[in-house]
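Mind looking at a prediction? Sequence and model below.
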Amino acid sequence: MNVRRSAAVLAAVAVIGAATPAAAAPSPSPSQAFPSALYGDTDPKFDGVWRQSLALLAQDTVGVKPAAKSVQWLVRQQCADGSFASYRPDPAAKCDAKTMLDTNATSAAVQALTALGGHDDVTGKAVDWLKSVQNEDGGWGYSPGGASDTNSTSIVIGALAAAGEKPDRVEKDGKSPYDALLKLALPCGGDGDGAFAFQPDKKGELAANADATAAGVLGALGQGMVVKPGKKSDAACEKAETPEQAAANGASYLTAALAKDDNHLMSALAGAEPQPDYGNTADAVVALAARGDTAQAEKSVRWLQKNSASWAAQSGPAAYAQLIFAARATGTNPRDFGGADLVKQLNATGPAPQTAGKTGTKASDEKEDSGSDFFGVWWYVGVCLVAGVGIGFLFTGRKKQQQP
């Protein structure tokens, strides 16, 4: 899913974006300390577990064995009840009522640790927690008890499938995650034309959302973030009475949206000029490839090869992971992605992996394992304004506001 972050941050970004143009984010203070096992150098307060999980999953996908301390850091982020928060600066401290638990981070951690193997106790507890906070409509929100949204429901489906569960049998009051997704799917025709909405708005109406649609297609197919090309099929839009048809409709919407803007998606913050949405384009490539709609997926991955380098370098490990997932889904070599070695670049954002040689480590590799919140939300807002909405939430849609 796209680099989703908290609703509070996005709300702040929207307000600032409407009032002032994006400006360069301040450089991190040399005295700022983040865990040495963590991938990325920006404040992990809102995405530490998310980006760590994506980095480790992407490394595993390309045959790289991550640094042991990076895996252990992720494991230690888990709360006693099985959940994960977005980031816990002191993992030795017990989670309490003030700990902001995160279904998206939990699901991403499950997918990563399942792929790596040897963590059945951790993933089992996490899956049990996810089941315990399922909503009555069968879906999940970003936070336990929050209204179900397409992004969160879909990434939980991916976690359930990765852990060997059958998502259609994970029910609350007789409703499965697929029931929740079908309620968030727009009908064919009109502006929505088979897309998924993130959530209903205050009036209960649905609005097409490309980020949610990419997530919804994967969720409806019962797939996680790492996919192989599916069987080629017709993506015509018809009434969605099954998850498979909802996925086909969503894929049709994505294909049209990508083709409209030279094979990539566009997005913009309030008050800002429209700009290419690299993260959502990568997610759309994965979703289309999973259905076997490879023609458009291949066109869009070629666009990413030519245009995503600066975005990825600025956005960090989760962005490199998204591109690696898109490369895998289309049979593209991630070590020669438009002339760039995505694997080497991802490895360089954290501790050197065990089996990929020393491709570079962070200059802060001597730092302690207790993070700092010195910059907090507003430093992250600055990054969001510079990086653009392609790396906006959701990551996770992570605590994401409704977008048009």
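The structure has been received and is ready for your questions. Residues are numbered from 1 along each chain as shown.

where exactly do the strands run in the stretch 201-350 of the chain?
Shown for the stretch 201-350 of the chain, the strands assigned by DSSP state E, counting those that start in this stretch span residues 266-267, 275-276.

Columns distance to Ser83 and mean pLDDT on top of these, output as TSV?
Bear in mind the C-beta positions are built from the backbone N, C-alpha and C, glycine included. TSV is the format used below for these (distance: least, Cβ to Cβ, whole Å; pLDDT from 0 to 100):
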stretch	distance to Ser83	mean pLDDT
strand 266-267	30	90
strand 275-276	35	94
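
Which one, of those strands, ends up nearest to Ser308?
Distance to Ser308, taken as Cβ to Cβ, is lowest for strand 275-276 among those, at 8.6 Å.

That closest one: partners in the sheet, and parallel or antiparallel?
Partners of strand 275-276 in the sheet, by DSSP bridges, are strand 266-267 (antiparallel).

if we can go back for a sec, with mean neighbour count added, can I get the strands of the stretch 201-350 of the chain in a markdown table?
Formatted as a markdown table, the strands of the stretch 201-350 of the chain follow (neighbours: other Cβ atoms under 10 Å):
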| stretch | mean neighbour count |
| --- | --- |
| strand 266-267 | 19 |
| strand 275-276 | 18 |
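
and those as TSV, adding distance to Gln314?
Output for the strands of the stretch 201-350 of the chain, formatted as TSV (distance: least, Cβ to Cβ, whole Å):
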stretch	distance to Gln314
strand 266-267	16
strand 275-276	13
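
Which one of the ones you listed lies nearest to Val64?
Here strand 275-276 is closest among the strands of the stretch 201-350 of the chain (Cβ to Cβ), at 28.3 Å.

Give me the distance from that closest one to the chain's centre.
18 Å (Cα atoms, centre = their mean, to the nearest Å).

for stretch 159-170, same thing?
18 Å.

distance of Ala212 from Gln111?
Using Cβ to Cβ, to the nearest Å, Ala212 is found at 19 Å from Gln111.

now Pro353
18 Å.

okay, those two: which has more neighbours?
Gln111 (25 against 21; other Cβ atoms under 10 Å).

Could I get the full set of helices for the stretch 301-404 of the chain?
309-315, 317-330, 342-347, 376-387 (DSSP state H, counting those that start in this stretch).

Kindly apply the preceding question to the stretch 101-250 of the chain instead.
Going by DSSP H, counting those that start in this stretch, the stretch 101-250 of the chain shows helices at 103-116, 120-132, 150-162, 177-183, 210-220, 243-260.

Switch those helices over to JSON lines; also include distance to Ala97 and mean pLDDT.
Shown next, in JSON lines, are the helices of the stretch 101-250 of the chain (distance: least, Cβ to Cβ, whole Å; pLDDT from 0 to 100):
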{"stretch": "helix 103-116", "distance to Ala97": "17", "mean pLDDT": "98"}
{"stretch": "helix 120-132", "distance to Ala97": "15", "mean pLDDT": "98"}
{"stretch": "helix 150-162", "distance to Ala97": "21", "mean pLDDT": "98"}
{"stretch": "helix 177-183", "distance to Ala97": "27", "mean pLDDT": "98"}
{"stretch": "helix 210-220", "distance to Ala97": "29", "mean pLDDT": "97"}
{"stretch": "helix 243-260", "distance to Ala97": "36", "mean pLDDT": "95"}
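
for the ones you listed, which one ends up most surrounded?
Highest mean neighbour count among the helices of the stretch 101-250 of the chain (mean count of other Cβ atoms under 10 Å): helix 210-220, with a mean of 32.

Run the angle between that helix and helix 243-260 for me.
150 degrees (axes from the mean of the first three to the mean of the last three Cα atoms, to 10 degrees).
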